[in-house]
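Asks: heads up, no residue letters with this:
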């Protein structure tokens, strides 16, 4: 009987529909919306390994599309990620999705190892909709994913990594220790699943760190964005990524930005939209 109880709990944690319902309830309990304020539609696509991904398309049909990959324990309608998606949708067509183990998507979070396949699937979906240019934007875990995807597939016109680590052991900050506990301990994984609605994969591979991959992206334009006060990863991570990247590349260190979604203000989104336009202008012809 106890064994069946444990199995039942494990099944519930991997149910994307239940996970999504719990996240929506948590949002509403805090008085926050769980939907977009601009015209949008839902889409679904599959990663190469069969993981079903849920996403939202925002904005009118435009030549340039942006694929947004969120961070660990986030989801596509989380308020600050909505600010980013809705703001960019004023100039571009935006495809934002739940990465594996998050929101309505299936699968389990791997800390970046397999998330690049999620990004690749959504990039392919955006391409199938007829856009001339596709730019990836990822924050934190999403930054790891977009770096890996661009390095592996060279199928985007520009790549923007926000608050991404460069290597796997460059920070011993309090927040990184907490995140490591969530990934590596049984209790941590239960907390992530039950409290935050994030399912973590128990199997770990040995992926190359972003700093070892980013040099493979050139000649695709790269933008590295980092907060001067990032409480997860130091600015030296961003500087290392920028050093290892090929041309064209740009590094943007922002005072008071914090980590990833902390800095997603309307002013930053407007600045980022301008950066996207500059990157697309510098992108090589396809």
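Replies: Noted; the coordinates are in hand. No experiment lies behind these values; they were computed from the predicted model shown. Numbering: from 1, shown residues only.

Asks: use CA for all of it now, contacts and neighbours both
Replies: Will do.

Asks: residue 239 is in contact with residue 251, isn't it?
Replies: Yes. Contact criterion C-alpha atoms under 8 Å: residue 239 and residue 251 qualify, at 7.5 Å.

Asks: the two - which one has more neighbours?
Replies: residue 239 (18 against 15; other C-alpha atoms under 10 Å).

Asks: and the more buried one, which of the three is it?
Replies: Assigned with DSSP: H, G, I helix; E, B strand; the rest coil, residue 239 falls in the helix class.

Asks: tell me the contacts of it?
Replies: Applying C-alpha atoms under 8 Å, 6 or more residues apart in numbering to residue 239 gives the contacts residue 251.

Asks: what distance do you get for it to residue 245?
Replies: Using C-alpha to C-alpha, to the nearest Å, residue 239 is found at 10 Å from residue 245.

Asks: cool, and residue 186?
Replies: 37 Å.

Asks: how much space between residue 160 and residue 235?
Replies: With distances taken as C-alpha to C-alpha, residue 160 is found 16 Å from residue 235.

Asks: between the two, who's got more neighbours?
Replies: Neighbour count, other C-alpha under 10 Å: between residue 160 and residue 235, residue 160 has more, with 26 against 22.

Asks: what about the closest residue in space to residue 46 that isn't next to it in sequence, how many neighbours?
Replies: Among residues not flanking residue 46 along the chain, residue 52 sits closest, at 4.6 Å (C-alpha to C-alpha, 6 or more residues apart in numbering). Each residue near residue 52 was counted by other C-alpha under 10 Å, and the total is 20.

Asks: surely residue 52 and residue 45 touch.
Replies: Yes. Counting by C-alpha under 8 Å, residue 52 does reach residue 45; the two are 6.1 Å apart.

Asks: list the helices and strands whichever strand or helix holds residue 82 packs on?
Replies: Secondary structure from DSSP states H and E places residue 82 in helix 79-88. On a contact count with 3 or more C-alpha pairs under 8 Å, 6 or more residues apart in numbering; DSSP states H and E, helix 79-88 meets strand 93-97, helix 266-282.

Asks: average pLDDT across it?
Replies: The pLDDT scores in helix 79-88 average 97.

Asks: got the angle for that helix vs strand 93-97?
Replies: 160 degrees (axes from the mean of the first three to the mean of the last three C-alpha atoms, to 10 degrees).
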